[in-house]
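Asker: here is my input, please return the structure:
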Amino acid sequence: MIGPGEPSDDLAERLPWGVTIDSSYSTRDALDALALAPFLRGDQPYARKANLERVDPNAPLRPAQAQVLRSVLDDDDSGQLLAVGPGWTLRAIRWTGGSAMVEVTAVSDELARSVLAESIRDAVAQVTVSETIEMGFWYMDTRGPSRRGRTISAPAWGDIRGNYAADAGTAMDQLMALTAAEVRGRLVLLHGPPGTGKTTALRALARAWASWCQFDCVLDPELMFGKPGYLMEVAAGVHSDDEEQQRWRMLVLEDCDELIRGEAKEAAGQGLSRLLNLTDGMLGQGRDVLVAITTNEDLSRLHPAVVRPGRCLAQIEVGRLSGAESAAWLARAGHAGADPHPDGATLAELSALRNGETVIHAGRPDEVNPGLYL
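Answerer: Numbering: from 1, shown residues only. Got it, this is the predicted structure:
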């Protein structure tokens, strides 16, 4: 047995090696051979290696004090380098696509480990990956009911939970964690002022339930509930022939106030009745369909049939953040000390304050429409 402490000359005699260079060799091949030499000779018998993904193009992949002996750079931004320092040798390879490999040989394992750690520190690019989901969009065109699938961004609930007041956040925690087996009611009702994040919460819900529920947004719900044929088409949905692939579906109806407020039966005709029939009537039987509605109406103004016990899977008020919650939100956003409204603020108001947004308008400020979506 030959140990790492034996003289390199003795090792070279026992393990002779050589490299034959011919015209088929590239500069990269030559660099590989040079990098292996200290390890094969036994001068640097310890090796450490790291494979990296999404490497920052500006990362040097070597210690600051390294001496670069060889460097190869191709026009596709791939490349390779050989660097040395006291008691160690480093080889770094970049491939097209952002991946890389760094290998260090050294006189001791501790030195190889420390040189490698310094070389790859902060090398991986800090990128924000926008997670997406597939959502369907229903609408009526000249040929009848149509559905188109689109890829939309969907935040993780944990990343946005701080955007919601404590009570709403706790209720959302429970809703996000539900499984198909735990579904009881068929209606998810999110109510509260404009700009409080109801739509954003539904996108997060779509991501949380992605494994068992397909989300579809109905762009013209008043028309759908006014036309039985359109409603039947949406209720039937688009299904797979494989029963094991069948999933629940969530129909998203945004700002559907006229369908669910107290006077809805008189104002919207059969719309309310058909909505209720879809959630727990004959129409909904045999179909794994849920309905999510966002509304700006106060709960007391909603039709009692909508909020009766047993119909709602979730009934959540998405309100303004309190003064303390608003201050904490601004502090996390790097605006500690900023003074929101004394009684708190909506998510939209806090975002505008954080971004320094100004509104160009004519007329009195209280006449400006705050908008409905966030």
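Asker: the helices in the chain, which residues?
Answerer: For the chain, the helices defined by DSSP state H cover 8-14, 27-41, 109-120, 157-160, 166-176, 198-208, 221-226, 228-236, 257-260, 264-268, 271-280, 323-332, 347-355.
Asker: mean pLDDT lowest for which of those helices?
Answerer: Note on those: lowest mean pLDDT is at helix 264-268, with a mean of 46.
Asker: okay, now the domains of this protein?
Answerer: 8-120, 132-317, 323-367 (automatic domain parsing).
Asker: would you turn the ones you listed into a markdown table with mean neighbour count?
Answerer: Backbone N, C-alpha and C define where each C-beta goes, glycine included. Listed next are the domains of the chain as a markdown table, based on neighbours: other Cβ atoms under 10 Å:
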| stretch | mean neighbour count |
| --- | --- |
| domain 8-120 | 16 |
| domain 132-317 | 17 |
| domain 323-367 | 14 |
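Asker: re earlier: tell me which of the helices of the chain sits nearest to residue 292.
Answerer: Closest approach to residue 292 among those (Cβ to Cβ): helix 198-208, 5.9 Å.
Asker: can I get that closest one as CSV, trimmed to CA atoms?
Answerer: What follows is helix 198-208, C-alpha atoms only, in CSV (Å, rounded to 0.1, in the frame of the first residue of the first chain):
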residue,chain,number,x,y,z
LYS,A,198,-58.3,38.3,-2.9
THR,A,199,-57.3,37.4,-6.5
THR,A,200,-53.7,36.9,-5.5
ALA,A,201,-54.8,34.5,-2.7
LEU,A,202,-56.8,32.5,-5.3
ARG,A,203,-53.7,32.2,-7.5
ALA,A,204,-51.8,30.9,-4.4
LEU,A,205,-54.6,28.5,-3.7
ALA,A,206,-54.5,27.2,-7.3
ARG,A,207,-50.8,26.4,-6.8
ALA,A,208,-51.4,24.8,-3.4
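Asker: give the other helices and strands that it contacts.
Answerer: strand 132-141, helix 157-160, helix 166-176, strand 187-191, strand 213-218, strand 248-253, strand 289-295 (3 or more Cβ pairs under 8 Å, 6 or more residues apart in numbering; DSSP states H and E).
Asker: neighbouring contacts of it?
Answerer: 131, 133, 135, 152-157, 160, 163-164, 172, 175-177, 188, 190-192, 213, 215, 250, 252, 254, 292, 294, 318, 347, 373-374 (Cβ atoms under 8 Å, 6 or more residues apart in numbering).
Asker: hey, C-alpha coordinates of stretch 74-84 in PDB?
Answerer: These are the backbone C-alpha positions of stretch 74-84, laid out as PDB (Å, rounded to 0.1, in the frame of the first residue of the first chain):
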ATOM      1  CA  ASP A  74     -15.200  29.600 -26.200                       C
ATOM      2  CA  ASP A  75     -17.600  31.900 -28.100                       C
ATOM      3  CA  ASP A  76     -20.600  30.100 -26.500                       C
ATOM      4  CA  ASP A  77     -19.500  31.400 -23.000                       C
ATOM      5  CA  SER A  78     -18.300  27.900 -22.000                       C
ATOM      6  CA  GLY A  79     -14.700  27.700 -20.700                       C
ATOM      7  CA  GLN A  80     -12.100  26.100 -18.500                       C
ATOM      8  CA  LEU A  81      -9.300  27.400 -16.300                       C
ATOM      9  CA  LEU A  82      -6.400  26.000 -14.300                       C
ATOM     10  CA  ALA A  83      -5.300  28.000 -11.200                       C
ATOM     11  CA  VAL A  84      -2.900  27.300  -8.400                       C
END
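Asker: thanks again, I'm all set now.
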